[in-house]
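Student: No letters, just coordinates:
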Ligand code: IPE
Ligand code: IPE
Ligand code: MG
């Protein structure tokens, strides 16, 4: 059997093991390890980021095909501004190119693009391109792709707290209105459900300031695979793993079984 057919059969096996009724509604990914991937191959870090974009394309396409409703990709953290200017500039250039190249694909696949983070810090031309693609893809209702850019969870939480304090001062809300649910509504992620599954590549066991509030009950999948080597096959593996878990949200296993029996 030719190699491509073998791969296809392997993919089909994975697909068969995934229960379409129990798909995570929202997958979030910390795409880490581009630099190490490049170093292993004696290439520049920028080459690693370039290769990482191919993995982004593959994963977006696979999520769309599977019917994942929301996909959030951590592409650039607020702390990443501290990297050497040459790397930051290259990342911004790659981001702009990605947006320009992907626009057609997003439209064709009815994917709506959104962005979270301190977007004012992005270079003007990148921000303009981003806002243009966001506007152009607004009607996409098959999947929402959320890019976390210049994003930091602590920045987001402080911003939400300040806005709440302001609304309290103005009398627009009362102290008793301030609940975890309403706090969520003040975050940049308010239109989206919390992630069900978080994937982090490159094996680091940390959140690196990503969605600290929203990940409270998210299932974690951490893989040593470096981001440029991450494929749809491993994505399926992560989903299969997720489907084997019991999400208890603080309750007992018996209570969860009873709930499942009811609905
Ligand atoms: C992730 O890869 C991409 C960004 C953070 C922009 P890294 O660049 O962090 O790769 P490593 O961690 O150095 O291998
Ligand atoms: C997290 O990766 C940010 C992104 C993937 C965009 P980092 O490489 O910046 O994380 P740390 O510095 O190792 O925690
Ligand atoms: Mg890293």
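Tutor: Okay, I see it. Fair warning: this is a prediction, and the values are worked out from it, not measured in the lab. Numbers count the residues shown, from 1 in each chain. Ligands and ions are numbered 1, 2, ... in the order given.

Student: Could you list the residues of the stretch 51-200 of the chain in contact with ligand 1?
Tutor: 76, 80, 91 (CB under 6 Å from any ligand atom). Every residue, glycine included, has its C-beta placed from N, CA and C.

Student: Try it again at 8 Å.
Tutor: Contact residues (CB under 8 Å from any ligand atom) of the stretch 51-200 of the chain with ligand 1: 52, 74, 75, 76, 77, 80, 83, 87, 91.

Student: Put the buried members of the residues you listed into a PyMOL selection.
Tutor: The PyMOL command for the buried members of these (criterion: 16 or more other CB atoms under 10 Å) is given here:
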select buried, resi 52+74+75+76+77+80+83+91
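
Student: Would you mind giving the residues of the stretch 51-200 of the chain next to ligand 1 as CSV with secondary structure added?
Tutor: Shown next, in CSV, are these (DSSP: H, G, I helix; E, B strand; the rest coil):
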residue, secondary structure
52, helix
74, strand
75, strand
76, strand
77, strand
80, helix
83, coil
87, helix
91, helix
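
Student: The residues of the stretch 51-200 of the chain next to ligand 1: which ones sit near ligand 2?
Tutor: Near ligand 2, by the rule CB under 8 Å from any ligand atom, you find 74, 75, 76, 77, 80 out of these.

Student: Tell me the one of the residues of the stretch 51-200 of the chain next to ligand 1 nearest residue 138?
Tutor: residue 75 (20.2 Å; CB to CB).

Student: What does the pLDDT read for that closest one?
Tutor: Looking at residue 75, its pLDDT is 98.

Student: does it really touch residue 92, like I thought?
Tutor: No: counting by CB atoms under 8 Å, residue 75 sits too far from residue 92 to count as a contact (10.7 Å).

Student: follow-up on the earlier one: please convert the ones next to ligand 2 among the residues of the stretch 51-200 of the chain next to ligand 1 to a markdown table, extending it with distance to residue 26.
Tutor: What follows is those, written out as a markdown table (distance: CB to CB, whole Å):
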| residue | distance to residue 26 |
| --- | --- |
| 74 | 13 |
| 75 | 17 |
| 76 | 20 |
| 77 | 19 |
| 80 | 23 |
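
Student: Quick check: mean pLDDT of the strand or helix carrying residue 254?
Tutor: Element membership for residue 254, per DSSP states H and E: helix 253-262. Helix 253-262 shows a mean pLDDT of 92.

Student: contacting residues around it?
Tutor: By CB atoms under 8 Å, 6 or more residues apart in numbering, the residues outside helix 253-262 that reach it are 246, 247, 248, 251.

Student: Now do the same contact list for the last one.
Tutor: Right, residue 251. Residue 251 touches residue 259, counting by CB under 8 Å, 6+ apart.

Student: and what of the second one?
Tutor: When the contact criterion is CB under 8 Å, 6+ apart, the partners of residue 247 are 217, 219, 256.

Student: For this protein, give me the ranges with low pLDDT.
Tutor: Along the chain, segments meeting pLDDT under 70 span 1-15.

Student: Name the surrounding residues that touch whichever strand or helix holds residue 103.
Tutor: Here residue 103 sits within helix 85-108, counting by DSSP H and E. Identification of contacts with helix 85-108 by CB under 8 Å, 6+ apart yields 45-46, 49-50, 53, 56-57, 75-76, 80-81, 83, 111-113, 122-123, 125-126, 129-130, 133, 136-137, 140, 145, 149.

Student: do the helix or strand that comes right after it and ligand 2 meet?
Tutor: Moving toward the C-terminus from helix 85-108, the next helix or strand (DSSP H and E) is strand 111-116. No: if you take CB under 8 Å from any ligand atom as the test, strand 111-116 misses ligand 2, and the best it gets is 12.3 Å.
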